[in-house]
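1. return atomic coordinates for the entry below.
(one chain, ligands or ions: 1)
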Amino acid sequence: MIMSTSIIKKNLLLEGKTKKIYATNNPFYVIVHYKDNITASNGLKNNFLQDKGIFNNEITTFIFNFLNSCGIRTHFVQKKNNREQLCHKVNMIPLEFVVRNIVAGSMSKRLGIKEGKYISNAIFEIFYKNDKLKDPLINDHHAVFLNIISYEELNIIYHIISNINKILKKFFLDKNIILVDFKMEFGKNDQNKILLSDEISPDTCRFWDKKTKKKLDKDPFRIGLKENILDIYMEILKRLNVIKN
Ligand code: TMP
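-> The predicted model follows:
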């Protein structure tokens, strides 16, 4: 097990909308830094929200630790401080995999189905990460044609996301949270192994309270409601028992 203290943060490798990735003195590891930005509509809405990075780091750390303990291979190694994680260095696959258990968001709009309809067999979607094209919805054949991934790798990822969905659906339901839908990204390590990467947080999931169906995620910001987003993220941390009531 690598000691986080032996890893030294080096130069900035890349900066995204909500995270920065730093090189380290070890070529197999990077440091992921969570910024205080909250974004929607592919970055068209981008606000500063003091301390939001701390909340997302806490929540993602908790979920990735849990998934690691369930045998899911992830890039996450350990939390380094309140805004940073030590992670395995991976080459990110430029695809977003969305799993839907209940109709909401873009699926509701695209297909004209009322938000809230239960999906008995979880639906998997792929979005091509490309800012210029605004991350279009694509299918397996497009992804292979674009030389992003092979059919074999897609099968591996579908197997992993199906497992993660089963694990997280149950995990959150035990906390009175419905996992409506969520987005995952994957990368390949130096041995070409596929690892769950990026984050899993209320930024990248739709969470509804089991009883009231209140939205416990970023949707109020996406829709433009005046709700205090950090209160919502705090509620998730309380339900995960990271923060005591
Ligand atoms: P969608 O309904 O807008 O397609 O979103 C589906 C899920 O994916 C939802 O939980 C939010 C998440 N998501 C992201 O994390 N990043 C994105 O850029 C998009 C479009 C969705």
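2. spatially nearest residue to the residue nearest the centre of the chain (excluding sequence neighbours)?
-> Centroid-nearest residue in the chain: I200, 3.0 Å away (criterion: C-alpha atoms, centre = their mean). Closest residue in space to I200, ignoring its immediate chain neighbours: I63 at 4.6 Å, by C-beta to C-beta, 6 or more residues apart in numbering. Yep, even glycine has a C-beta here, placed from its N, CA and C like the rest.
3. A helix includes the one you found, no?
-> Yes: according to DSSP: H, G, I helix; E, B strand; the rest coil, I63 belongs to a helix.
4. list the contacts of the residue in the chain positioned nearest to the ligand.
-> Nearest residue of the chain to the ligand (C-beta to the nearest ligand atom) works out as G105 at 2.2 Å. With contacts defined as C-beta atoms under 8 Å, 6 or more residues apart in numbering, G105 is in contact with 115, 181, 206, 219.
5. over to E115?
-> When contacts are counted by C-beta under 8 Å, 6+ apart, E115 touches 102-105, 108.
6. so where do the strands sit in the chain?
-> For the chain, the strands defined by DSSP state E occupy 9-15, 19-24, 29-34, 37-40, 45-48, 76-81, 84-88, 91-92, 95-102, 118-128, 137-138, 177-188, 194-197, 205-209.
7. want to throw these into CSV with mean pLDDT?
-> Formatted as CSV, those follow (pLDDT from 0 to 100):
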stretch, mean pLDDT
strand 9-15, 98
strand 19-24, 98
strand 29-34, 98
strand 37-40, 96
strand 45-48, 95
strand 76-81, 98
strand 84-88, 98
strand 91-92, 98
strand 95-102, 99
strand 118-128, 98
strand 137-138, 98
strand 177-188, 98
strand 194-197, 98
strand 205-209, 98
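8. let me have the ones you listed in CSV, extended by mean neighbour count and distance to N228.
-> Shown next, in CSV, are those (neighbours: other C-beta atoms under 10 Å; distance: least, C-beta to C-beta, whole Å):
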stretch, mean neighbour count, distance to N228
strand 9-15, 12, 27
strand 19-24, 18, 22
strand 29-34, 22, 19
strand 37-40, 18, 12
strand 45-48, 12, 13
strand 76-81, 18, 25
strand 84-88, 21, 25
strand 91-92, 14, 32
strand 95-102, 20, 25
strand 118-128, 14, 29
strand 137-138, 16, 32
strand 177-188, 21, 18
strand 194-197, 20, 30
strand 205-209, 22, 16
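9. where is the longest helix in this protein?
-> helix 151-173 (DSSP state H).
10. next, the buried residues of that one.
-> By neighbour count, with 16 or more other C-beta atoms under 10 Å as the criterion, the buried positions of helix 151-173 are 153-154, 157, 160-161, 164-165, 167-169, 171-172.
11. tell me the residues of this structure that contact the ligand?
-> By C-beta under 6 Å from any ligand atom, the residues of the chain that approach the ligand are 98, 104-107, 135, 181-183, 204-206.
12. and these, which is closest to E227?
-> R206 (14.6 Å; C-beta to C-beta).
13. so that closest one is in contact with D217, correct?
-> Yes: judged on C-beta atoms under 8 Å, R206 makes contact with D217 at a distance of 5.3 Å.
14. circling back: what's the longest helix of the chain in contact with?
-> With C-beta under 8 Å, 6+ apart as the contact definition, helix 151-173 has outside contacts at 63, 66-67, 70, 72-73, 93, 97, 99, 101, 122, 124, 140, 143-144, 149, 178-179, 182, 184, 186, 194, 196, 200, 207, 210.
15. just want the angle from it to strand 177-188.
-> 150 degrees (axes from the mean of the first three to the mean of the last three C-alpha atoms, to 10 degrees).
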